[in-house]
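How does the following fold in three dimensions:
(chains A and B)
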Amino acid sequence: GQQVQQSPASLVLQEGENAELQCNFSTSLNSMQWFYQRPGGSLVSLFYNPSGTKHSGRLTSTTVIKERRSSLHISSSQTTDSGTYLCALERDYNQGKLIFGQGTKLSIKP
Amino acid sequence: GALVYQYPRRTICKSGTSMRMECQAVGFQATSVAWYRQSPQKTFELIALSTVNSAIKYEQNFTQEKFPISHPNLSFSSMTVLNAYLEDRGLYLCGARAGQNYAEQFFGPGTRLTVL
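Presented below is the predicted three-dimensional model:
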């Protein structure tokens, strides 16, 4: 089965609402990264977060290794936050190999 | 800062022909370079991983015969898609990392391949 599962697959919110994106993994973890994929396809790195909580503006990432999950929280969402968000993990014995989730497609309505 | 460039950004090739794409790390020495592909409606999957002092390792569904990779130094890598067919279309990303364990991976903007 899939080693990295993201949920929900898609999420529609009104502008101003908070978004919670989940990433669950079934394998051991060396590192976890969250990306935003631009419409053209390129990836924007949001967080490199092997464990714990990190903040960046309206974004917060929390990785709990024991529970095998990582989350991305977007507060006070804006229409410009719309797009696809991907989590990717690196297992502890594979240097440089990232396993990507299927992504969450976020749509923020004005 | 750490940047990864990819060239070309977009390319179109006829079915059965080959195309080469390049990846360059700027501002850091990449201890590992990974090539990924995102096929339409799918997530990214690893094609091959090249690390310092190791041979290039291909994932199960990809071969050196189909996707030969050249990695002459820590900053540059190129990959060729040989005999491209419709199933090879997609976005090819190059990811480079500057450390061993616990190091962030930086991605280029990708090369989008269309096969006619």
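
elements contacting the helix or strand encompassing residue A:34?
Taking DSSP states H and E as the criterion, residue A:34 maps to strand A:31-37. In terms of contacts (3 or more Cβ pairs under 8 Å, 6 or more residues apart in numbering or on different chains; DSSP states H and E), strand A:31-37 is packed against strand A:19-25, strand A:43-48, strand A:59-64, strand A:69-74, strand A:83-90. For every residue, glycine as well, the C-beta is placed using N, CA and C.

between those strands, which gets nearest to residue B:88?
Of all those, strand A:43-48 sits nearest to residue B:88, with 20.2 Å by Cβ to Cβ.

picking up where we left off before, so what strands line up beside the strand holding residue A:34?
Looking at strand A:31-37 with DSSP bridges, its partner strands are strand A:43-48 (antiparallel), strand A:83-90 (antiparallel).

And the contacts of the helix or strand that comes right after the last one?
Right, strand A:83-90. Note on strand A:83-90: by DSSP H and E, the next helix or strand toward the C-terminus is strand A:98-100. Residues from elsewhere that reach strand A:98-100 (Cβ atoms under 8 Å, 6 or more residues apart in numbering or on different chains): A:3-4, A:27, A:33, A:86-91, B:34, B:36, B:43-46, B:95, B:105.

pLDDT of strand A:98-100, averaged?
Strand A:98-100 carries an average pLDDT of 91.

so how far is it off the chain centroid?
Strand A:98-100 sits 12 Å away from the centroid of its parent chain (Cα atoms, centre = their mean, to the nearest Å).

Give me the sheet partners of it and which way each runs.
strand A:83-90 (antiparallel).

Flag every buried residue along the partner strand.
By 16 or more other Cβ atoms under 10 Å in any protein chain shown, the buried positions in strand A:83-90 come out as A:83-90.

can you list those residues in TSV and add pLDDT?
Output for the buried residues of strand A:83-90, formatted as TSV (pLDDT from 0 to 100):
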residue	pLDDT
A:83	95
A:84	96
A:85	98
A:86	97
A:87	96
A:88	94
A:89	90
A:90	85
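
Now distance to residue A:14 too, for the residues you listed, in CSV please.
Shown next, in CSV, are the buried residues of strand A:83-90 (distance: Cβ to Cβ, whole Å):
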residue, distance to residue A:14
A:83, 17
A:84, 19
A:85, 18
A:86, 23
A:87, 24
A:88, 29
A:89, 31
A:90, 35
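
Need the distance between the two termini of stretch A:62-76.
18 Å (Cα to Cα, to the nearest Å).

ok, now stretch A:87-106?
14 Å.

what do you get for stretch B:41-60?
So stretch B:41-60: terminal residues 20 Å apart, Cα to Cα.

Provide the contact partners of stretch B:33-40 at residue level.
Against stretch B:33-40 from outside (Cβ under 8 Å, 6+ apart): A:41, A:96-98, A:100, B:23, B:25, B:44-50, B:67, B:69, B:71, B:77, B:79, B:87, B:89-97, B:105.

May I see the buried residues of it?
Applying 16+ other Cβ under 10 Å to stretch B:33-40 flags B:33-38 as buried.
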